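J.: sequence first, predicted model second:
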Amino acid sequence: MTYREKLKIHYHNAWKAESKEIAWSKGPMTQLDRDFKVLQFEPGEYHDMWIYATTGMSDLSFLDPIELHIFSSVPSDSIVEILTAVAYCHKNDIPLNLGHTVNFGIPWLNKSRCTFGLISLPYLDGPLLENFTIGNTIVKCFWLIPVTGLEVEYKNSKGLESLENEFEKGRFNYHDPNRQSVISQNYG
């Protein structure tokens, strides 16, 4: 069984939902490994939202292999494009990891203010999802949380823990594309 096949089983065990594979075939992302795909999970037993997850974002030659997932209230091809672009950057630019932020270059959904992503622990699913062991390697399955530019600025200034505290205080709705930033313009 291949890495991707085992990872797909890992996701299915964690989320108990049906999925389909989607490949983004436009732009330079076609330079990703042919095996790279995004899985789209329908709302299921554990989550009443759509989940998009990478398979093959890292390979086992990476020092710290990771895979990412995003939650969404609606199905969307733009999320497939975003995850594919992030995987492309991870493989061809600078390897990403926990606490990093990425610029999506487009709104997460529709006209969302969230045009960045924060790589976070999978708080909704815990270690069962986070730690995927294959052979002697642990692949981390992290949550890519859509965030605003102001939230990224705040994280860069005050730190990841401070931003996560603001998320908790602000009753952060992680799957609402129309949400306001939890950080005000004059946070300084």
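T.: Arrived safely.
J.: in contact with Asp77: list those residues for me.
T.: Shown in contact with Asp77 (Cβ atoms under 8 Å, 6 or more residues apart in numbering): Ile22. (Each C-beta comes from the backbone N, C-alpha and C, glycine too.)
J.: any idea of the pLDDT on it?
T.: Per-residue pLDDT puts Asp77 at 91.
J.: helix or strand: which one has Pro107?
T.: Assigned by DSSP states H and E, Pro107 belongs to neither a helix nor a strand.
J.: ok now the helix or strand of the chain with the lowest mean pLDDT, how far from the chain's centre?
T.: When each helix and strand of the chain is scored by mean pLDDT, DSSP states H and E, helix 77-92 comes last, with a mean of 90. Relative to its chain's centre, helix 77-92 lies at 10 Å (Cα atoms, centre = their mean, to the nearest Å).
J.: list the buried residues for it?
T.: Within helix 77-92, the residues scored as buried using 16 or more other Cβ atoms under 10 Å are 79-88, 90-91.
J.: which one of these is nearest Ala53?
T.: Closest to Ala53 out of the buried residues of helix 77-92 is Leu83 (8.0 Å), distances taken as Cβ to Cβ.
J.: run through the residues that contact the closest one.
T.: Counting by Cβ under 8 Å, 6+ apart, Leu83 makes contact with 38, 52-54, 57, 68, 70, 144.
J.: re earlier: using TSV, lay out the buried residues of helix 77-92 together with distance to Phe167.
T.: As requested, the buried residues of helix 77-92 are exported to TSV (distance: Cβ to Cβ, whole Å):
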residue	distance to Phe167
Ile79	20
Val80	25
Glu81	25
Ile82	20
Leu83	21
Thr84	26
Ala85	24
Val86	20
Ala87	25
Tyr88	27
His90	24
Lys91	29
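J.: ok, which pair from those is furthest apart?
T.: Ile79 and Lys91, at 18.7 Å, using Cβ to Cβ across those.
J.: where does pLDDT dip in this structure?
T.: Applying pLDDT under 70 to the chain flags the ranges 27-33, 186-188.
J.: grab the most central residue of it for me.
T.: Leu144 (2.7 Å; Cα atoms, centre = their mean).
J.: just confirm it contacts His69, I think it does.
T.: Yes. Under the criterion of Cβ atoms under 8 Å, Leu144 makes contact with His69 at 6.7 Å.
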